[in-house]
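>>> Curious how this folds, go ahead:
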Amino acid sequence: MIEGGVERRIFYFEQEGKENLPRTVNLVAEYLNNSEISKVVVFTSDGEGPLMLARIVNPSDVKILAVTFPYKSTFIVEGPGGEPLEITPGTSLPEVKKELAQAGVLLLQGTLPFWEIIIPGTADIKRKAIKHTLQLLCGGFELCVEAVLVACDAGAVEPGEEVIAMSADTALVAVASQSSWMFHPSRGMEIREIICKPRRCTIIRSRYKNAPGSEARELEVED
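Next up is the predicted model:
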């Protein structure tokens with residue numbers, strides 16, 4: 001503690017990815033040892049992050065909340081040979097739910113605030129703008145923000161409560177709010193600190209490299 005503020009360090013991963021999860025968990029645990037925050041909101045698709053954290057923190061001191069996709073959501077991903085594969089997040093499996101419950105982790109499944117409602121031929125520009133703005137920091141930053149909003153909407157976190165939010169490669173300290181009040185001038189969400197994040201957006205940018213308008217444009221300079 002120094003006069004007028006607090007000095008903390010931020011850890012920067014060289015790239016995005018789940019391989020950073022163990023270090024992210026350790027950094028969050030270190031932060032908890034030096035703070036009075038009692039809740040950690042973890043965005044997860046398979047339960048691994050919250051379970052890993054539950055093994056190294058005292059459950060009587062810290063409440064771990066696992067935020068995930070809606071029950072039995074399906075996603076199309078590219079298979080090893082380039083073929084489309086349909087997958088369902090592990091958090092929809094009964095055995096994963098049981099393991100989380102046994103570890104004292106509260107599982108929250110629900111629609112993510114920045115997801116688009118699927119209406120053919122239309123797009124929600126406001127949600128896309130928020131999503132892409134947060135992704136300027138990294139893909140995990142968007143997930144952390146959504147996790148806090150979902151947890152607050154579900155009543156697992158109080159509006160105005162300070163919590164830690166983490167994904168596989170990002171962790172931050174935030175003041176919670178409901179999704180609809182995210183940008184309220186006095187009661188909205190607030191990002192107070194960054195614990196760790198990727199230095200380079202190696203995954204999130206690769207997702208958009210073939211999107212319309214993503215091609216590089218060279219400036220034309222007249223001699």
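
>>> use CA for all of it now, contacts and neighbours both
Noted.

>>> Relative to residue 29, how far out is the residue lying closest to residue 97 once chain neighbours are set aside?
Of all residues not flanking residue 97 in the chain, residue 91 sits nearest, at 6.3 Å (CA to CA, 6 or more residues apart in numbering). To residue 29, residue 91 is 23 Å away according to CA to CA, to the nearest Å.

>>> And residue 96, by the same measure?
According to CA to CA, residue 96 stands 23 Å off from residue 29.

>>> swap in residue 39?
11 Å.

>>> can you give me the helices in the chain?
Applying DSSP state H to the chain gives helices spanning 21-33, 48-54, 94-102, 125-134, 139-153, 204-207.

>>> Between residue 91 and residue 29, tell me which one has more neighbours.
Set side by side, residue 91 and residue 29 show more neighbours around residue 91, with 27 against 18, by other CA atoms under 10 Å.

>>> And residue 96, how far from residue 89?
10 Å.

>>> just residue 97 next, same as before
12 Å.

>>> for the strand ranked longest in the chain, what is the average pLDDT?
In the chain, assigned by DSSP state E, the strand with the most residues is strand 190-198. For strand 190-198, the mean per-residue pLDDT is 97.

>>> Direction included, what does that strand pair against?
strand 11-13 (parallel), strand 171-175 (antiparallel) (DSSP bridges).

>>> what bits of this protein have low per-residue confidence?
Low-confidence segments of the chain (pLDDT under 70): 1, 121, 207-223.

>>> my guess is the residue nearest to residue 97 meets residue 48, correct?
No. Counting by CA atoms under 8 Å, residue 91 stays clear of residue 48, with 9.5 Å between them.

>>> Now do the contacts for the closest residue in space to residue 157 that isn't next to it in sequence.
Closest residue in space to residue 157, ignoring its immediate chain neighbours: residue 151 at 5.6 Å, by CA to CA, 6+ apart. Listed by CA atoms under 8 Å, 6 or more residues apart in numbering, the contact set of residue 151 reads 41, 65, 67, 108, 157.

>>> List of residues touching stretch 119-128?
The list of residues contacting stretch 119-128 from outside it, by CA under 8 Å, 6+ apart, reads 114-117.

>>> In those, find the pair that's most separated.
By the measure CA to CA, 114 and 117 form the most distant pair in these, at 9.4 Å.

>>> neighbour-wise, which of those two wins?
Higher neighbour count among residue 114 and residue 117: residue 114, with 19 against 10, using other CA under 10 Å.
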